[in-house]
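S.K.: My questions concern the predicted model and sequence given below.
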Amino acid sequence: GWWDGQHVRVVHGPGSATLRLVPGSTLSLLALHGPCVRVTLSGARWQLDHFTLEPLVGMGVSNEVPDVASESAEIEVTLAGGVLTIFDDPVPEPPDDPRAMSEKPASGRFAHRNGPEATDTPER
């Protein structure tokens, strides 16, 4: 989803995510809802290996996506427990892919799009 022009993902542990991000962009991992345990981050400039990320600690903030020659860089995130919030800069999905969910930023609200009939959901 999007929040005030920033892309946001939430991963619940145990869980994982493969992020296709814009090369040279930044990403931040935040434990906003309590500790996130055994967080592993690979593919970014600064890796994490089974790290416990505490709330309001800057260890996961302003990491760098490698500036690779391709159109996207793949970043892997896993965690054993907790709720991890990820702020990132995703690579736009091609519009001709019917399986892709397109997302658009909406100032101050979350916007989820999945077809022409979808509507914005207000922030809660």
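M.R.: Everything's here; your move.
S.K.: Bridging across strands, which residues link to Asp88?
M.R.: Residues found in beta-bridge contact with Asp88 (criterion: DSSP bridges) are His7.
S.K.: who's in contact with it?
M.R.: By Cβ atoms under 8 Å, 6 or more residues apart in numbering, the contact set of Asp88 is 7, 9, 19, 21, 25-28, 75. Any C-beta I mention is one placed from the backbone N, CA and C, and that applies to glycine too.
S.K.: residues making contact with stretch 55-74?
M.R.: For stretch 55-74, contacts defined as Cβ under 8 Å, 6+ apart pick out 18-35, 39, 41, 43-46, 48, 51, 53, 75, 89, 91.
S.K.: scratch that, stretch 12-22
M.R.: Under the criterion Cβ under 8 Å, 6+ apart, residues 9, 11, 27, 36-38, 65, 72-84, 86, 88-91 lie in contact with stretch 12-22.
S.K.: Can you mark which positions in that stretch are buried?
M.R.: Along stretch 12-22, the positions that meet the burial threshold by neighbour count (16 or more other Cβ atoms under 10 Å) are 13, 19, 21-22.
S.K.: cool, and stretch 27-39?
M.R.: Neighbour-count burial for stretch 27-39, counted by 16+ other Cβ under 10 Å, picks out 27, 29-31, 36-39.
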